[in-house]
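S.K.: Dropping a prediction and its sequence here:
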Amino acid sequence: MIVRIMGEGQIEVAADDIGVLNSLDTELEAAIEAGDEFVFRAKLHALLDKVRQVGKSLPDDSLEASELILPPSDASMDEVREMLGDEGLIPG
């Protein structure tokens, strides 16, 4: 799966790693629902850090279509809330 972190670039993430990303996504959603800014910030950073850790950065000139777009690390809770779909930021 090709993931774009807004403002950073694209990262290729293996299908085997989607489960752990979904768990972090669920925790991020819970923080948003609770309106807890501190936990929200921690969970957003944890999710993005995990994507960077398990994924492989694609070259800047890569023309791959992004299958998933994640917010930047400095996104507000409202901005991330607007990006959430029925299955969070990461479907599955």
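M.R.: Happy to help now that I have it.
S.K.: okay, the closest residue to residue 12 other than its chain neighbours: pLDDT?
M.R.: Spatial nearest neighbour of residue 12, chain neighbours left out: residue 56 (4.8 Å); criterion: CB to CB, 6 or more residues apart in numbering. No exception for glycine: its C-beta is placed from N, CA and C like everyone else's. Looking at residue 56, its pLDDT is 96.
S.K.: Let me see the backbone angles for residue 56.
M.R.: As for residue 56, its main-chain torsions (degrees, to the nearest 10) stand at phi -120, psi 120.
S.K.: Tell me how far it lies from residue 87.
M.R.: Distance of residue 56 to residue 87, computed by CB to CB, to the nearest Å: 24 Å.
S.K.: Now the residue nearest to the spatial centre of the chain. Its backbone dihedrals?
M.R.: The centroid of the chain falls nearest to residue 70 when counting by CA atoms, centre = their mean (4.1 Å). For residue 70, the backbone dihedrals (degrees, to the nearest 10) come out as phi -110, psi 150.
S.K.: Also residue 9?
M.R.: Residue 9 adopts backbone torsions of phi 130, psi -170, taken as degrees, to the nearest 10.
S.K.: In the sheet, which residues pair with it? Tell me.
M.R.: Beta bridges link residue 9 to residue 5 when assigned by DSSP bridges.
S.K.: Right, I'll leave it there.
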